[in-house]
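*Asks:* got a predicted structure here, sequence first:
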Amino acid sequence: MTKNKTNFAILIVLLAGIIWSFGALVVRYIEDARSVPWQYLFFRGLTIFFILNLYLFFKEGKSFIKNYKKIDLSVVIGGLGFATAFMGFIWSITHTSAAVTLLMLAAMPFMTAILGYIFLKEKVSLTTFISIIVAAIGVIFMAYSSNKLGTLFGLVVGLISALGFSIGSITFRWNKKIPTFTTIALAGLFCAIISFAVLIFNEDNFFTTFRNSSLSALHGTLVCSGLILYSIGSKKLPAADLTLLSLTEVLGGIFWVWLPIFGINEVPTTNTIIGGFVITFALMYYSLNTKRNRRFIGLN
């Protein structure tokens, strides 16, 4: 029975990663993507906030509102961290290849390990330290090889997005009494509010095309669906296994935008493949050798 439950959990987590991986493909279908990031983020943020609260309502009933009464500084910081990650992902992937953006996010566990050491006094093992160094080499190689200004901008913003995810993840361990979904839902709301403020300040057109709005809602739905499945599967698996299984999110995202059937045909450059291989190797080494590893939610 235990083995069956573990196998089921593995399938659930794999499915969550695959669902998240379609986020990059969805963004590639946006019309005139670089001109409508804030409109897209506004509707995506609202979708995340709405769906997670709807899920909590069906799961906990009206009592889910009590979760918001527990909001403290850690939740606000976590929400802002994830909101930054949401925004950084869109700005990154619309300025560079999906491979570069996703591989920057793959470095998130290493960033979180460093932040955990600084703010939570958590020890960094030799395995983690080696993994961080190897991953950094991959990132530096990709940055050095990015001779186009837009690609370098996308890479840097991708790293900022990963940092936002890491900050949000740290707050989960800062205050373990706050349900994860509350922080993520608040992040969606923050993302929508910030996007709304930017649109008003710049006097931009508030609404985009029906297609873009639909894609934004679909993207938010993918994020929430993967998160719900991940939370179910993660209860039955060691954290190290989760990190390794979650590679489907990164590798799947790169694969979908390359697969000709979807009409994107985005082929990673040789330098991106080499740097990505180095980062992937670091993540696999980290997963297979650490005993205290934690997988942090990827909400691309």
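*Replies:* It's in.
*Asks:* remind me which residues of this protein are low pLDDT?
*Replies:* Under the criterion pLDDT under 70, the flagged ranges of the chain are 1-3, 145-150, 176, 234-235, 237-246, 290-300.
*Asks:* what about 50?
*Replies:* For the chain, residues meeting the criterion pLDDT under 50 lie at 1, 293.
*Asks:* for Phe181, which non-adjacent residue is spatially closest?
*Replies:* Leu52 (5.1 Å; CB to CB, 6 or more residues apart in numbering). All C-beta atoms are positioned from the backbone trio N, CA, C, and that covers glycine.
*Asks:* who are the neighbours in contact with the one you found?
*Replies:* 181, 184-185, 188, 224, 227 (CB atoms under 8 Å, 6 or more residues apart in numbering).
*Asks:* in strands, which of these appear?
*Replies:* Residues of these located in strands (DSSP state E): none.
*Asks:* now do Ala185 against Leu288, distance only.
*Replies:* 34 Å (CB to CB, to the nearest Å).
*Asks:* who has more neighbours, those two?
*Replies:* More neighbours surround Ala185 than the other of Ala185 and Leu288, with 27 against 13 (other CB atoms under 10 Å).
*Asks:* contact partners for that one?
*Replies:* Per CB under 8 Å, 6+ apart, neighbours of Ala185: 48-49, 52-53, 56.
*Asks:* which one of those is nearest to Asn4?
*Replies:* When those are ranked by distance to Asn4 (CB to CB), Leu56 comes first, at 28.3 Å.
*Asks:* that closest one: which element?
*Replies:* helix 37-60 (DSSP states H and E).
*Asks:* got the buried residues for the helix or strand that that helix is followed by?
*Replies:* For helix 37-60, the succeeding helix or strand toward the C-terminus, using DSSP H and E, is helix 66-69. Using 16 or more other CB atoms under 10 Å as the test for burial, helix 66-69 gives Asn67.
*Asks:* using CSV, write out every CA atom in helix 66-69.
*Replies:* What follows is the C-alpha trace of helix 66-69 in CSV, where atoms were taken according to Å, rounded to 0.1, in the frame of the first residue of the first chain:
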residue,chain,number,x,y,z
LYS,A,66,-9.5,32.7,8.8
ASN,A,67,-6.2,32.0,7.0
TYR,A,68,-6.1,35.7,6.0
LYS,A,69,-6.5,36.8,9.6
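*Asks:* what packs against it?
*Replies:* Helices and strands touching helix 66-69, by 3 or more CB pairs under 8 Å, 6 or more residues apart in numbering; DSSP states H and E, are helix 180-202.
*Asks:* for Thr183, what are its contacts?
*Replies:* Counting by CB under 8 Å, 6+ apart, the residues that Thr183 touches are 75, 78-79, 82, 168, 171-172.
*Asks:* quick check: closest non-adjacent residue to it.
*Replies:* Gly78 is the one closest to Thr183 (CB to CB, 6+ apart), at 4.4 Å.
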